[in-house]
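**Student:** quick one, what's the 3D model for this:
(2 chains)
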Amino acid sequence: MKAGRAAAIFLRQLYLLRGSLARVLPLFAWITVDIVLWGFITRYLNTVAAPGYNFVPALLGAVLLWDFFSRVMHGVTTAFLEDVWSRNFLNFFASPLKISEYLAGLVLSSVATSAVGLLVMLVLASAVFGLSFAGYGLLLVPFLLVLFLFGIALGVVGAAVVLRFGPASEWFVWPLPALVSPFAGVFYPLSTLPLWMRGLGRALPPSYVFEGMRAVVAGGEAAWAPLAWGVLLAVVYVLLACWLFVRVHRHVVRTGLLARYSAETV
Amino acid sequence: MAGLRKAYGGTVAVDGVSFEVARGEIVGLLGPNGAGKTTTINMILGVLEPTAGTIHVEGLDVGRERSRALGCTNFAAVYAPLPGNLTVAQNLRVFGMLYGVARLSQRIEELLTEFDLLPFRDAKCGVLSSGEQTRVALAKAMLNRPHLLLLDEPTASLDPASAQETRARMRRFAAGGECGVLWTSHNMYEVEEVCDRVLFVSKGRVLLEGDPKTLPAEHGRDSLEELFIAVAREPLTLMQSEVA
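**Tutor:** As a prediction, this is how the structure comes out:
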């Protein structure tokens, strides 16, 4: 793998972001709306619920972490979709670029865009609604790591879906985080779910983050072992997602779908 | 290329095509629409896997050493414009990095000058005329000084003066002796002027091969254009005369 080629993919995204309001605004606009909305909801809940329980770290913290995950995932898929929208596959895939380098470039792009979103959310949530991450302590590192890795995995899966089924299938990709959220127990413990949903939830790395977060908010300590399992699971998903993308790429090269991509000859 | 074949189910797009492009040589790949020219080019570029056969660039198997083989190849095609939302200079930089071009800034300046693109350096490719976009695509194709250059109708959207300049430029480039060029075109005047050798393809097979200046007479035609029309309309007759 040559770093220069991954850097070229990243540079292309940087060029696109530079001076493009339509691309820069979504990096923080919708998550800002989310934080403001949930910030006021948590304030309201604090006034009507039994005293002693603080909804800010439980609900607003969950929203922030989930939005970070969504931004990471969309960071990968948006960078990929830029090549779909500009019909650039032939130019890229007929160059010496390897799939590993292409995916690394997409991940680099996502790191940059999701970092902007995270920073805006942290500043807003702490400055306006008093959300403090000091309470999470060092656990914040595995929390963010698990969500980052799973966001990358889901983003690469989304890209593979669009590569396989053509440009119109991007509409499958945008709602993926929303599809995952009921199973991941973002706002409620997994024990709330029926057994079959709980089983699926345990297979999703973010569920370990939100269970851990709720344990900390409740005054206890998050167990490190389940979090380590969450990290391991997320790494496995990243590897599986990359394997899927490589398989799909091979398929579209073999069947001619890549060369006739816009024809969507599924 | 040896025994190159591409089949989609029962439909055969390319059927046992074999040829070589030597350094310093410009080879014309000619044939009617749907003959298999672009399919052949896509297979050379590694974006379409052959059903059978092998492709080697500088001794490197495109199927097995794709990245290295494509590192010494490049292409320009009307159906693969560079991203319109990047400027000319940005596109050249991104693709220069992908092809691992040394002293990239200097190379970009050379190409901007050579292809008369200096006034458009900071213009987005999408706002350029089709002729200007073709020149950008050609500049990108020359970034890595390829050993095999694939040009799919490179002058299709150029005015006659620009087309002539492009042909002269490519001839000079090939004459340098480092690069072989595979050139597709429907302009037989251009093919006669620029190509050292031509391959006539029809229904996925190479029917005729030879010097574009002598080939028409060898097959009882007055011009390359007449021969092209004969290949398009009566490929079987030509195949039989070839066998005889």
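**Student:** residue A:102 contacts residue A:9, doesn't it?
**Tutor:** Yes - counting by CB atoms under 8 Å, residue A:102 touches residue A:9, with 6.0 Å between them. C-beta coordinates here come from the backbone N, C-alpha and C atoms, glycine included.
**Student:** between the two, which is the more surrounded one?
**Tutor:** residue A:9 (27 against 24; other CB atoms under 10 Å in any protein chain shown).
**Student:** packing partners for the host helix or strand of the more buried one?
**Tutor:** Here residue A:9 is covered by helix A:3-17, with elements defined by DSSP states H and E. With contacts taken as 3 or more CB pairs under 8 Å, 6 or more residues apart in numbering or on different chains; DSSP states H and E, helix A:3-17 sits against helix A:21-24, helix A:61-85, helix A:99-129, helix B:88-98.
**Student:** quick one: contacts of the lowest-mean-pLDDT helix or strand in chain A?
**Tutor:** In chain A, no helix or strand scores lower on mean pLDDT, DSSP states H and E than helix A:55, which sits at a mean of 85. Residues outside helix A:55 that contact it (CB atoms under 8 Å, 6 or more residues apart in numbering or on different chains) are A:41-42, A:45-46, A:49.
**Student:** cool, and stretch B:14-23?
**Tutor:** With CB under 8 Å, 6+ apart, stretch B:14-23 has contacts from B:1-6, B:27, B:36, B:39-40, B:43, B:50, B:53, B:147-148, B:177-182, B:199, B:201, B:203-206, B:209.
**Student:** what's the end-to-end length of it?
**Tutor:** 24 Å (CA to CA, to the nearest Å).
**Student:** which residues sit against the helix ranked longest in chain B?
**Tutor:** If you go by DSSP state H, chain B has its longest helix at helix B:160-175. For helix B:160-175, the external contacting residues (CB under 8 Å, 6+ apart) are B:24-26, B:114, B:131, B:134-135, B:138, B:142, B:149, B:151, B:154-155, B:158, B:179-181, B:183, B:190, B:193-194.
**Student:** ok, 10 Å please
**Tutor:** Applying CB atoms under 10 Å, 6 or more residues apart in numbering or on different chains, the contact partners of helix B:160-175 are B:21, B:23-27, B:76, B:114-116, B:131-132, B:134-135, B:138, B:141-142, B:145-146, B:149, B:151, B:154-159, B:179-181, B:183, B:185, B:187, B:189-191, B:193-196.
**Student:** among those residues, name the buried ones.
**Tutor:** B:21, B:25-27, B:76, B:115, B:132, B:134-135, B:138, B:141-142, B:146, B:149, B:151, B:154-156, B:158, B:179-181, B:183, B:185, B:187, B:190-191, B:194-196 (16 or more other CB atoms under 10 Å in any protein chain shown).
**Student:** restricted to helices, list the residues you listed.
**Tutor:** B:132, B:134-135, B:138, B:141-142, B:190-191, B:194.
**Student:** which of these sit farthest apart?
**Tutor:** B:132 and B:191 (24.1 Å; CB to CB).
**Student:** so residue B:99 is in contact with residue B:73, correct?
**Tutor:** Yes - between residue B:99 and residue B:73 there is a contact under CB atoms under 10 Å: 9.4 Å.
**Student:** higher neighbour count, these two?
**Tutor:** The residue with more neighbours, out of residue B:99 and residue B:73, is residue B:73; 28 against 25, by other CB under 10 Å.
**Student:** could you pull out the strands for the stretch 151-266 of chain A?
**Tutor:** Per DSSP state E, counting those that start in this stretch, the stretch 151-266 of chain A carries no strands over any range.
**Student:** what about the helices in it?
**Tutor:** For the stretch 151-266 of chain A, the helices defined by DSSP state H, counting those that start in this stretch cover A:170-173, A:176-184, A:195-202, A:205-217, A:224-255.
**Student:** show me what the most centrally placed residue in chain B is bridged to.
**Tutor:** Closest residue to the average C-alpha location of chain B: residue B:151 at 2.4 Å, with CA atoms, centre = their mean. Beta-bridge partners for residue B:151, by DSSP bridges, are residue B:76, residue B:183.
**Student:** might one say that it is in contact with residue B:73?
**Tutor:** No - under the criterion of CB under 10 Å, residue B:151 makes no contact with residue B:73, lying 11.8 Å away.
**Student:** quick one: residue B:7 from chain A, how far?
**Tutor:** Distance of residue B:7 to chain A, given as CB to the nearest CB, to the nearest Å: 10 Å.
**Student:** give the residue spans of the chain that score low on pLDDT.
**Tutor:** All of this refers to chain A. Across chain A, residues meeting the criterion (pLDDT under 70) sit at A:262-266.
**Student:** oops, I was thinking of chain B
**Tutor:** Ranges of chain B meeting pLDDT under 70: B:235-244.
**Student:** mind listing the strands for it?
**Tutor:** B:2-8, B:11-17, B:26-30, B:52-54, B:56-57, B:60-61, B:73-77, B:148-152, B:180-184, B:197-202, B:205-210 (DSSP state E).
**Student:** and of these, who's closest to residue A:163?
**Tutor:** That would be strand B:2-8 among those, by CB to CB, at 18.8 Å.
**Student:** now residue A:101: closest residue in space, sequence neighbours ignored.
**Tutor:** residue A:5 (4.1 Å; CB to CB, 6 or more residues apart in numbering or on different chains).
**Student:** tell me the contacts of the one you found?
**Tutor:** A:92, A:95-98, A:100-102, A:104-105, B:67, B:97-100.
**Student:** and for residue A:44, the neighbour number?
**Tutor:** 11.
**Student:** check the gap between it and chain B for me.
**Tutor:** 43 Å.
**Student:** give me the number of residues near residue B:4?
**Tutor:** Applying other CB under 10 Å, we find 24 other residues in the vicinity of residue B:4.
**Student:** circling back to that earlier point, can I get the ones in helices among the buried ones among the contacts of helix B:160-175 in a markdown table including distance to chain A?
**Tutor:** Shown next, in a markdown table, are these (distance: CB to the nearest CB, whole Å):
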| residue | distance to chain A |
| --- | --- |
| B:132 | 17 |
| B:134 | 14 |
| B:135 | 16 |
| B:138 | 13 |
| B:141 | 10 |
| B:142 | 14 |
| B:190 | 24 |
| B:191 | 24 |
| B:194 | 23 |
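**Student:** still on that earlier bit, what's the closest of the helices of the stretch 151-266 of chain A to chain B?
**Tutor:** For those, proximity to chain B was assessed by CB to the nearest CB; helix A:224-255 is nearest, at 4.5 Å.
**Student:** show me what the closest one is packed against.
**Tutor:** Using 3 or more CB pairs under 10 Å, 6 or more residues apart in numbering or on different chains; DSSP states H and E, the elements in contact with helix A:224-255 are helix A:89-93, helix A:99-129, helix A:140-165, helix A:195-202, helix A:205-217.
**Student:** and the shortest one with chain B, contact?
**Tutor:** Just to be clear, that refers to helix A:89-93. Yes - Helix A:89-93 reaches chain B (CB under 10 Å from any CB of the partner chain) through A:89-93.
**Student:** off-centre distance for that helix?
**Tutor:** The chain centre lies 26 Å from the centre of helix A:89-93; the measure is CA atoms, centre = their mean, to the nearest Å.
**Student:** and for it, what's in contact with it?
**Tutor:** Under the contact criterion CB under 10 Å, 6+ apart, helix A:89-93 has outside partners A:5, A:8-9, A:12, A:83, A:97, A:99, A:102, A:105, A:163, A:249, A:252-253, A:258-259, A:261-262, B:42, B:45-47, B:66, B:70, B:75-77, B:79-83, B:91, B:94-95, B:98, B:137, B:140.
**Student:** now do the residue nearest to the centre of chain B against residue A:261, distance only.
**Tutor:** Computed as CB to CB, to the nearest Å, the residue B:151 to residue A:261 distance reads 21 Å.
**Student:** show me what contacts residue 79?
**Tutor:** All of this refers to chain A. Residue A:79 neighbours (CB under 10 Å, 6+ apart): A:9-10, A:12-13, A:16-17, A:102, A:105-110, A:112-113, A:155, A:159.
**Student:** wait, chain B
**Tutor:** A:87, A:90, A:259-260, A:262, B:38, B:152-153.
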